[in-house]
Each structure stands twice: as C-alpha cells, then as structure tokens.
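Novice: Predicted model and sequence follow; I will ask about them next.
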Amino acid sequence: MRIWTTGGLLAGVAVLALAAPALAQVSLVGEWSPRYHEDQPDRIPGPELGDYTGLPLTDGARLSADSWDASRLTLREHQCKVHNGPYILHGPIQFRLWEDKDPQTQQLVALQVYLNTYEQSRTIWMDGRPHPPEFAPHTWQGFSTGKWDGDILTVYTTHIKQEWIRRNGVPNSEKSTMIEHFIRHGNIMTHLVQWTDPVYLAEPLWRSEEFVLNERTAGNWLWPCEYVDEIVDRPHSAVPHYLPGKSPFDGDFAYRYGVPVEAAKGGAETTYPEYMAKLKTLPKPSKPAAGSGSK
Amino acid sequence: MTTQRTLFAVCVLLGAAGFAQRVSTQAPAARPAPAPAELASIHVQGNVYMLVGAGGNIAVQIGDDGVLVVDTGLAQNADRVIAAIKKLSPKPIRWVLNTHFHPDHTGGNEAVAKAGSKTNGGPAEILAHENVLTRMSAPANKIPTAAWPTDTYFPEEKDIYFNGEAVMLFHDVAAHTDGDSIVHLRKSDVLVAGDVFVTTSYPFIDQANGGSIQGELNALNRILDIAVPAHEQEGGTYVIPGHGRICDEADVLEYRDMVTIVRDRVQDMIKRGLTLDQVKAARPTLDYDLHYGSDTGFVTTAGFVEAVFKDLSNPKGKPVVR
C-alpha cells in the first residue's frame, strides 16, 4: 500500500508537471479600469507648471520643461499626439486585454491591448521574437516583448516615440525604454513601470498604478482626432516656447505650495527618502519677481 | 502595424561605422569606413525600401519600369549597394536621384549608374538640383565626370513619373547645402529627406557650400507640409532621413521644434550682444545635447551653435521664413 501510494504520488506529480504550462500563470484577460488614489493630482487634473517634484530629471529635461509653452499644443502637428507607452497607463484610461494563440498549437503568440484613450492598440509579443533594428520606425506604444516570471508578466518595450514624462512639458526622448510588471491579486492588478531615458532621466523613473477588473464590458471608446487651426494669425513656422529664464511661471509652483525651489525642480537626489532631512534645511521660496506668473 | 511586422523579417545588422560616416564639404575626400559584408535593407512602404550602412541612407523604389535609387552612399560601398539593389529587383536601374552633393550620398553615383541603363545601353540618368552639378564639377573636387548629374533642374520643384507613381523633387534655397532636394514618392507616400533631416545629430549647416539655418528650417517645414499622419499623428507618410532611422511626421516635428528653439535662443543672445564664446558658454542646446550633441566627429554641438550664430549675425542674402 505504501509503495502504491508513493507510485501514485509520483504519477500525480508527473501529470501536474506536464500540465504546468497551462497552469503556470494567472490570466490577465479582461477589461480593466484604473483606481486613481495614487498620484491623483498628477494623473487626473494634471500637474502644475513648474512642478517637477519626484522626478529624477537631467538639467536638460529641466530646461526643456521650463521652456515649454502649452500653446505648442495648438500647433496642427501637435494636436493629435497621444500619450506614449510609458505614460499612457498613468493617465485617464481603461483598457481591454486579450490573448492571441496559435490555433494549431494553442501556444501564446501575443497579448493584445486596446487602450481606449487615444484609440491605441498595443501588441506584447510572447513568442520570443527579437526587437526590430535600431533604424526601424518608432510608435507611440513602442515595440513590446513579454515573458512570465511566475504570475508576474514582465514586458520590455523599445522604439517609443518622444512625448512627455509629466503633462507639464517634462519631455521624454525617443531613446526611452521601459520595463513593466503586471501583477494580478484577485481582481486587482498592479502595474509597475521602470522608465529609462538617457537623455532626460538621470536615473530610471518608477511609477505604479492599480487597476480593477470590470465585470461588465467598458472601455471600447473611439478617439477620433482631426486637427484644426486654433490660432489664425500666427506665423506658419512658429514654435511657442519661453526663452531660458523668461517663463512667466518660473517659481510660481514653489511659492504657491511653499516647496523649496530646489526641491520643486526635481533631480535624482530628490527622489530618495534621505532627501526629507535636507528638505527641512532648505529655505522657503520667496515670491517670484514681478512680471512672473505668480498669482 | 504592417511596416513594423515587415521590418521583423529584416534583421541584417547595421555596420555602425559606415552608418556614422559623415561628409566633408569643399573637398569630398571621404574617410574609408569599414563596411559590413551586406547592407541592411528595410521595406519602408509601398514600392520603397531603405538601404542602411553605405554612408548616407539610400532609398530604392522598385516596379515594372525598373529601379529608381535616391542617393548612392560612399564610393567604396558601391558594390554592396548594387548587390543590395539586385536583391530587391532584377529590373535595370533607370534613375539615380541625388538629395545633395556630399560624397556619402553621391559616392556611388558612377558605379550605380553604370550598373543600370537608360537609353541605348548607356548608364542610368542621374538627376539632381543644378547646384549639385556645380559643386561636383568644381575642379578642386576631382570627381569623375561619370559621377556627375546628367539631368538637373533649377526651379523649386521637379516632377518625373516612374513605376506608376509621381516622383516629386522639392528644392529649398540654402538649407543643408545650396543644392538640396527632398524627394516625395507620392503613391508609396515616402519622403526622402537627405541631410536636411537626420536623427543622429544636430543638422549640419554646410555654410561653405551654401547652407543656412533658415533654409534648413524652411526645408523641415516643407516636410511637415507634405507629410500626412495616418492615425493620431503616427505612420502615414514615412520619412527616410539622411542618416538614422525611419521616421514619420511626429518625429520630424520634434526635430523642427528643436532647431527652431535653438535658433530663437541664439537670436535672442545676439540681440543682447553676446559674443560667440558667450553664446557657447550659455549652452543654448543644453536640453538636446544628450540626444544630438557631440564633442567629436563631424557634426559637433559647438559647430552647430557656431553655424547658427554666424548665420544669424550676418543675415544678408540668407533665406527668409517661407
């Protein structure tokens, strides 16, 4: 009996081992809606001009953001730009995820994602294919390959278009790459992003969001966009921007919220817990000079 | 996305040295570049492919009428260019178009033209703006006659029709050089920009050969005028840069914005009386340096700033905003 039981156990283990690929990971299929309890002011109403807190920016990123004039979004070619891969799940959005399987083998080929904001489609290739060569086109959502680490889906994305890291003009570059982790806990999914950008980030930026599985279908909106001429008397080739040091909003955010100017400007140091001690030693911001945008 | 899927089938790696090879100005004595055994060939869209690794990027349009080639790379890579073209089509090369005269874009002219035929067994026609012929035929450059354009144009636009599509050449005065053409393969919806648009560096304003910052901007704005994105500012018209990766309008837009912003900053500094050294010290390109900047090589950050400064300091005779 003892021998039979051992044999039975071994047989059972063998069966489970064979079945392992089908049971190995959780399914992420479904329609997902975000919860905005984390970083809500940044994600929904949007950040204030000059608020770079918590971002490990390079000096170049700071200059670019300080130069940014929101009127640039009124240019024809800027109007229909969308949030790119590293940003889009941070903003207002719902998404639908489904699996593409080879009909002959039932092996997973790709995960498909429809992102309702901006009508974006994304493919996460799961079949081990390589990324395109460096001279291939970039897209808003980039080129993604994924693999399962147990129940965690890890996705690596390259070939991402330039857009922004924060919705107040902090740019990202086309040299950005992204590693994501999708972690499901029941009907909640945690999404972690590690965003690397050798141009505008001094260190990788980590972000996270939570999503809830929808039991009723949603998130299949369309998002048509057609540019219009918003400002009629502007020269054809003008690009709205502020010259260095000339932004009317310079210092406004720091003064309004009592954040030390240095901290408001971000940087890698400001993202670490140790910075809290230094923060207490920094002077309170003074009222921006006359002529600034201080309110 | 069809283009990206197609690109997957093409994974011939780029020889970085040949890719990074840039140009000289007055005396086009190109440095020899170690070349890969085989050039990378990528389907861009419609009838158009891009060859990478021969110097400047090369566009190849194929069809029933034969082959049309835009730019020919460095001379020492001509055999590989011809081999790569023959892999794309068994038809004869009928047309060679040049976006400008620099040797990383025209070095293979003679060999590529002779590998094809236009009439009576003669070499393929070489078409370019007339200033390309002027530059290439300058005695100091010692470029063989067989490499010179055999057909030139001087107005703002020149059209031909080949392989069932309109091929339109647009000239902007004094841009990267004084002889630039932007080539639009209209049915395939691919623009070949030459070096007025690159993704690998700041623009090279070749002032010694008639280039200017405002002409450069006019050319970039022309690309934006022609290009039409497909969906949410992505895809649609594709743009082959003189060097670097395949782009669309959104990519050219960011580059145009960058060049415009740097121009405006330098212009403001000139108005405030700053010298060239002071302008360089103020780093008007700081936000773009980690992307496009370099302290070494052919196109340096300092060289770009200096070109903009000199051009704006002496605007007489330079192009105006188009």
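Specialist: Noted; the coordinates are in hand.
Novice: number of nearby residues for residue 129?
Specialist: All of this is about chain A. 13 (other C-beta atoms under 10 Å in any protein chain shown). For every residue, glycine as well, the C-beta is placed using N, CA and C.
Novice: let's do chain B instead
Specialist: Residue B:129 - counted by other C-beta under 10 Å - has 27 other residues nearby.
Novice: how close does it get to chain A?
Specialist: 22 Å (C-beta to the nearest C-beta, to the nearest Å).
Novice: Look up how far residue B:131 lies from the closest residue to that residue other than its chain neighbours.
Specialist: Computed as C-beta to C-beta, 6 or more residues apart in numbering or on different chains, the closest residue to residue B:129 that is not its neighbour in sequence is residue B:179, at 4.3 Å. Look at residue B:179 and residue B:131: by C-beta to C-beta, to the nearest Å, they are 3 Å apart.
Novice: who touches both of those two?
Specialist: Counting by C-beta atoms under 8 Å, 6 or more residues apart in numbering or on different chains, the contacts common to residue B:179 and residue B:131 are B:101, B:210.
Novice: Neighbour count: these two, which is higher?
Specialist: Just comparing residue B:179 and residue B:131: by other C-beta under 10 Å the higher neighbour count belongs to residue B:179, 29 against 23.
Novice: So for that one, what's the pLDDT?
Specialist: Note for residue B:179: predicted pLDDT of 98.
Novice: What does it show for phi and psi?
Specialist: phi -130, psi 30 (degrees, to the nearest 10).
Novice: tell me the contacts of it?
Specialist: Listed by C-beta under 8 Å, 6+ apart, the contact partners of residue B:179 are B:100, B:101, B:128, B:129, B:130, B:131, B:132, B:134, B:135, B:171, B:209, B:210.
Novice: Would you pull up how far whichever strand or helix holds the third one lies from the middle of the chain?
Specialist: Following DSSP states H and E, one finds residue B:128 within strand B:125-129. Centroid separation for strand B:125-129 versus its chain: 15 Å, with C-alpha atoms, centre = their mean, to the nearest Å.
Novice: residue ranges with poor pLDDT in chain B?
Specialist: Residue ranges of chain B with pLDDT under 70: B:1-36.
Novice: All the strands of it, residue numbers only.
Specialist: Using DSSP state E, the strands found in chain B span residues B:40-45, B:48-52, B:58-63, B:66-70, B:93-97, B:125-129, B:151-153, B:157-162, B:165-170, B:182-185, B:190-194, B:238-241, B:247-248.
Novice: export the second one as PDB, just CAs?
Specialist: It stands for strand B:48-52. Taking C-alpha atoms only, strand B:48-52 is exported to PDB below (Å, rounded to 0.1, in the frame of the first residue of the first chain):
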ATOM      1  CA  VAL B  48      10.100  51.800 -51.400                       C
ATOM      2  CA  TYR B  49      13.000  50.200 -49.500                       C
ATOM      3  CA  MET B  50      15.800  51.800 -47.400                       C
ATOM      4  CA  LEU B  51      19.400  50.600 -47.600                       C
ATOM      5  CA  VAL B  52      21.500  51.300 -44.500                       C
END
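Novice: And for the residue of chain B found nearest chain A, the neighbour number?
Specialist: Of all residues in chain B, residue B:287 sits closest to chain A, at 3.8 Å by C-beta to the nearest C-beta. Counted with other C-beta under 10 Å, the neighbours of residue B:287 add up to 26.
Novice: again with residue A:104
Specialist: So residue A:104, with other C-beta under 10 Å, has 6 neighbours.
Novice: And residue A:170, by the same measure?
Specialist: 22.
Novice: Just list whatever residues bridge to it.
Specialist: As for beta bridges, residue A:170 partners with residue A:166 under DSSP bridges.
Novice: Now the most centrally placed residue in chain B: closest residue in space that isn't a chain neighbour?
Specialist: In chain B, the centroid-proximal residue (C-alpha atoms, centre = their mean) is residue B:194; its distance is 1.2 Å. Spatial nearest neighbour of residue B:194, chain neighbours left out: residue B:99 (2.7 Å); criterion: C-beta to C-beta, 6+ apart.
Novice: burial count for residue 127?
Specialist: Went with chain A since none was named. Neighbour tally, residue A:127, other C-beta under 10 Å: 12.
Novice: not what I meant, chain B
Specialist: Count around residue B:127 with other C-beta under 10 Å applied: 23.
Novice: what residues are up against it?
Specialist: Residue B:127 sits next to B:95, B:96, B:97, B:98, B:149, B:150, B:151, B:152, B:153, B:158, B:160, B:169 when contact means C-beta under 8 Å, 6+ apart.
Novice: any idea of the pLDDT on residue A:255?
Specialist: 95.
Novice: Which helix or which strand is home to it?
Specialist: helix A:252-257.
Novice: Now that helix: buried residues?
Specialist: Of the residues in helix A:252-257, A:252, A:253, A:254, A:255, A:256 count as buried by neighbour count, 16 or more other C-beta atoms under 10 Å in any protein chain shown.
Novice: Contacts for whatever helix or strand comes next after that helix next, please.
Specialist: On the C-terminal side of helix A:252-257, the nearest following helix or strand under DSSP H and E is helix A:261-264. Contact with helix A:261-264 is made by A:50-53, A:251, A:253-254, A:257, A:270, A:275, A:279, A:282, A:285, as judged by C-beta under 8 Å, 6+ apart.
Novice: thinking again about what came up before, quick one, what contacts the residue nearest to residue B:194?
Specialist: Contacts of residue B:99 (C-beta under 8 Å, 6+ apart): B:56, B:70-71, B:105, B:128, B:180-183, B:192-195, B:242.
Novice: and residue B:188, how far is that from residue B:59?
Specialist: As judged by C-beta to C-beta, residue B:188 and residue B:59 stand 10 Å apart.
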